[in-house]
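J.: Coordinates for the following, if possible.
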Amino acid sequence: MNSETLNVTLIQSQLHWENAEENRRMFSEKINSISEETDLIILPEMFPTGFSMNASTLAEETNGTTLNWMITEAKKSNSAITGSVIVSENNNFYNRLFFVFPDGNYKTYDKKHTFTLAGEHKTYSKGTERLIVDYKGWKICPLVCYDLRFPVWARNTEDYDLLLYVANWPKKRTSAWDALLKARAIENMSYCIGVNRVGFDGNDHEYSGHSAVYDVLGEQISTKENETEFIETVSITKEHIAATRGHLKFLQDRDRFQLE
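T.: Numbering: from 1, shown residues only. Reported below is the predicted structural model:
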């Protein structure tokens, strides 16, 4: 069923370091507390564990405990749920985003740009395929954290409606996070959402949140700007996309090229 309006819920939270059971319990409580009607719930990157390189201990199988938890929560809430998880598959580790539909079906995206500054590339294999999700008539492109720095990978060649990033983005580079989310919205003429965590991880890195929703013109339409935990539901509309793209036909003037 197509929907002209999509209600999207951002959950900005601290994470319990490398404690998947406790994080799942915590997020169950947060999801259960959502009072507004919502179509999509967005959790941070590596939400069960925090941004850990300890994949050999923390990795789950493709259809592991956290994915099954996401399926259960999606069915209970009648909402899609997305976030990334450490996954082991064919002797490789992946930072894998799951997009779980309310009926329990799901799509996956493996993070393309592994964060070399933290040595993520030494532990996790890179993804090679971008994902476009068709959900309630909305084309959604979900990406992960460091992908935000690479505009060509996010380039809107499919006329998607919503670009979203799940992240563990450090406080020391908050200004880049804010600027790049806004830029991705403007250059792709799509809604752009970033959901980041807050607090400190087990390596004493601090995260400032700044989760936000930007419209097609790069205007922030979410209202929570603090660096503490929050849950916010924001409505986005097809009407805004159509009206803006119809008047400002910038996507029609984009350069034509293909990635090799």
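
J.: Residue 229 is in contact with residue 196, isn't it?
T.: No. The pair residue 229 / residue 196 is not scored as a contact, 11.5 Å apart, by C-beta atoms under 8 Å. All C-beta atoms are positioned from the backbone trio N, CA, C, and that covers glycine.

J.: Mutual contacts of these two, please.
T.: Residues touching both residue 229 and residue 196 (C-beta atoms under 8 Å, 6 or more residues apart in numbering): residue 12.

J.: okay, those two: which has more neighbours?
T.: residue 196 (27 against 15; other C-beta atoms under 10 Å).

J.: List the contacts of the more buried one.
T.: Neighbouring residues of residue 196 by C-beta under 8 Å, 6+ apart: 12, 44, 167, 168, 169, 177, 207, 208, 209, 210, 211.

J.: so how far is residue 258 from the last one?
T.: Counting by C-beta to C-beta, to the nearest Å, the gap between residue 211 and residue 258 amounts to 33 Å.

J.: Look at those two and report which has more neighbours.
T.: More neighbours surround residue 211 than the other of residue 211 and residue 258, with 29 against 5 (other C-beta under 10 Å).

J.: Give me the most central residue, the chain.
T.: residue 166 (2.9 Å; C-alpha atoms, centre = their mean).

J.: Return the residues in contact with that one.
T.: Contacts of residue 166 (C-beta under 8 Å, 6+ apart): 42-45, 47, 82-84, 97, 142, 144-145, 195.

J.: before we move on, back to that, between the contacts of residue 196, which is closest to residue 28?
T.: Residue 28 lies nearest to residue 44 out of these, by C-beta to C-beta, at 15.2 Å.

J.: hang on, that closest one packs against residue 14?
T.: No. Here residue 44 does not reach residue 14: they are 9.8 Å apart, not a contact under C-beta under 8 Å.

J.: shared neighbours of those two, which are they?
T.: Contact with both residue 44 and residue 14 is made by residues residue 197, according to C-beta under 8 Å, 6+ apart.

J.: Check this protein for its longest helix and report it.
T.: helix 174-188 (DSSP state H).

J.: returning to that earlier point: present the contacts of residue 196 as CSV; the columns should include distance to residue 126.
T.: Below are those laid out as CSV (distance: C-beta to C-beta, whole Å):
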residue, distance to residue 126
12, 27
44, 20
167, 17
168, 17
169, 19
177, 22
207, 23
208, 27
209, 27
210, 26
211, 25
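
J.: Nearest to residue 21 among the residues you listed?
T.: Nearest member of the contacts of residue 196 to residue 21, counting by C-beta to C-beta, is residue 44, at 17.0 Å.

J.: ok so that closest one is a strand residue?
T.: No. Residue 44: not assigned to a strand; according to DSSP: H, G, I helix; E, B strand; the rest coil it is coil.

J.: Please name the residues that touch it.
T.: By C-beta under 8 Å, 6+ apart, the neighbours of residue 44 are 11, 12, 13, 15, 83, 166, 167, 168, 195, 196, 197.

J.: Repeat that for residue 93.
T.: 55, 56, 59, 86, 87, 123, 124, 125 are the contacts of residue 93 under C-beta under 8 Å, 6+ apart.

J.: Run through the bridge partners of it.
T.: residue 88 (DSSP bridges).

J.: pLDDT score assigned to it?
T.: Residue 93 carries a pLDDT value of 98.
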